[in-house]
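Undergrad: pasting the sequence and the predicted coordinates here, then a few questions.
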Amino acid sequence: MMRVIVGWRRWVFWGTAAIVLTASVGWAAEPTSRLGFVDLQTVITQSKEGQAAMDKVKAEAAEKQKEINAKENEIKQMDADLQKQTSVLSEAAKKDREEEIRRKLRDLKRITEDVNRDLAKREGEMVNDLLRDLTIVIRDYGKEKGYTLIVEKGQSGVIYGNDAADLTKEILERYNARQAKKK
């Protein structure tokens with residue numbers, strides 16, 4: 001009986017060892033996974049294309065702000081004129097001018113909201129265009145360099161990333177080079 005138990009233990013030992021060795025060889029044969037992350041906000045704000053897009057939005061915003069400032073000055077002038085003439089105006093004329101000032105203030109508020117909404121929309125469209133091109137650059141980079149996974153630093157919740165896994169600089173350079181070839 002003792003011989004049967006010793007023989008059985010020997011088979012269990014050698015069977016387990018064979019399974020562990022087989023699994024180890026399988027794991028060792030798998031290629032190592034390469035992981036990386038990219039700070040898209042940095043690439044967008046520091047790329048030539050991103051800076052040009054932001055400059056364009058800023059120029060549009062400055063132009064619209066001039067129009068808004070002109071309307072504000074017009075309303076201030078109307079209010080100042082009303083204050084100067086209030087003693088000589090009839091009650092009806094005074095009420096008409098006050099109503100006109102209130103109407104212009106409502107219009108100005110609506111125009112300002114429309115401008116802000118339009119600028120935010122334009123900025124969003126430009127960022128989406130940049131992200132579409134960046135996605136292609138990142139995907140091509142990942143395939144070429146053998147990456148298993150590349151994540152976006154800000155949205156993915158990366159809490160820690162080794163500097164070696166930070167691909168932001170390489171992606172920025174590739175993106176700028178690709179955009180330069182397009183032109």
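TA: Right, received. Where do you want to start?
Undergrad: please make it C-alpha for all contacts and neighbour counts, starting now.
TA: Will do.
Undergrad: quick one: name whatever helix or strand follows the strand or helix carrying Thr112.
TA: Per DSSP states H and E: Thr112 is located in helix 91-145. Under the assignment DSSP H and E, the closest C-terminal helix or strand after helix 91-145 is strand 149-152.
Undergrad: give me the residues contacting that next one.
TA: Residues from elsewhere that reach strand 149-152, judged by Cα atoms under 8 Å, 6 or more residues apart in numbering: 33-40, 138, 142.
Undergrad: also stretch 74-90?
TA: For stretch 74-90, using Cα under 8 Å, 6+ apart, the contacting residues are 94, 97-98, 101, 104-105.
Undergrad: chain neighbours aside, what residue packs nearest to the spatially most central residue of the chain?
TA: Geometric centre of the chain, nearest residue: Gln41, 5.3 Å, by Cα atoms, centre = their mean. In space, and not counting its chain neighbours, Gln41 is closest to Gly154: 7.9 Å by Cα to Cα, 6 or more residues apart in numbering.
Undergrad: OK, contacts around the nearest residue to Arg174 once chain neighbours are set aside?
TA: Of all residues not flanking Arg174 in the chain, Val137 sits nearest, at 7.1 Å (Cα to Cα, 6+ apart). By Cα under 8 Å, 6+ apart, Val137 lies in contact with 171, 174-175.
Undergrad: burial measure for the closest residue to Leu134 other than its chain neighbours, as a count.
TA: Nearest in space to Leu134, with sequence neighbours left out and distances taken as Cα to Cα, 6+ apart, is Tyr175 at 6.7 Å. Here the number of neighbours of Tyr175 (other Cα atoms under 10 Å) works out to 24.
Undergrad: tell me if Tyr175 really is in a helix.
TA: Yes - judged by DSSP: H, G, I helix; E, B strand; the rest coil, Tyr175 forms part of a helix.
Undergrad: what sits against it?
TA: If a contact means Cα under 8 Å, 6+ apart, then Tyr175 has 47, 134, 137 as its contacts.
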